[in-house]
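J.: coords please:
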Amino acid sequence: MNDHSNVAATIPPETFFACDLRVATVIACVPNAKARKPAYKLTLDFGALGIKTSSAQITERYAPEDLIGKQVIAVVNFAPRQVASVLSECLVLAVDSPTGLVTLSVDQPVENGMRVY
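T.: You can find the predicted model right below:
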């Protein structure tokens, strides 16, 4: 990763707004033992949208217990994807850093399932 020197191609705003970004709370986190790259299976509470799972490669920076109760931002309208033994139903957003991926989150607690604009 670490590719911050190249800006992606320009897209119309409608393309961005087609992505449904929501806030969720991590309610469970276990290693995704069969993944090719180290990853966790996250169980996420999206409030009225329900419970979803995701495989996230955020093991360098976070221990499972650090993630429980953390609110994160995820894309919920991508097609589900099988990642080893985990059906990844959403994509948890993160940013690359020298110490590993850092999850995107809100700076104040909000209701699970709230839309990000």
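J.: only C-alpha atoms for contact and neighbour calcs from this point on.
T.: Will do.
J.: what about the lowest-mean-pLDDT helix or strand in the chain, distance to the chain center?
T.: Least confident helix or strand, the chain: helix 13-17 with a mean of 92, by mean pLDDT, DSSP states H and E. Remark: helix 13-17 is offset 19 Å from the chain centroid, using Cα atoms, centre = their mean, to the nearest Å.
J.: Could you give me the buried positions within the longest strand along the chain?
T.: Taking DSSP state E as the criterion, the chain has its longest strand at strand 21-31. For strand 21-31, a neighbour-count test (16 or more other Cα atoms under 10 Å) marks 21-26, 28-29, 31 as buried.
J.: Nearest to residue 50 among the residues you listed?
T.: Nearest to residue 50 among the buried residues of strand 21-31 is residue 24, at 9.7 Å by Cα to Cα.
J.: ok, what's across the strand from that closest one?
T.: Assessed by DSSP bridges, residue 24 has beta-bridge partners residue 72.
J.: ok, it - contacts?
T.: In this structure, residue 24 makes contact with 44-47, 71-74, 112-113, judged by Cα atoms under 8 Å, 6 or more residues apart in numbering.
J.: Mind doing that once more with 10 Å?
T.: Taking Cα atoms under 10 Å, 6 or more residues apart in numbering, we find residue 24 in contact with 43-47, 49-52, 69-74, 92, 105-106, 110-115.
J.: and if you look at residue 105?
T.: Here residue 105 is in contact with 23-25, 70-74, 92-94 (Cα under 10 Å, 6+ apart).
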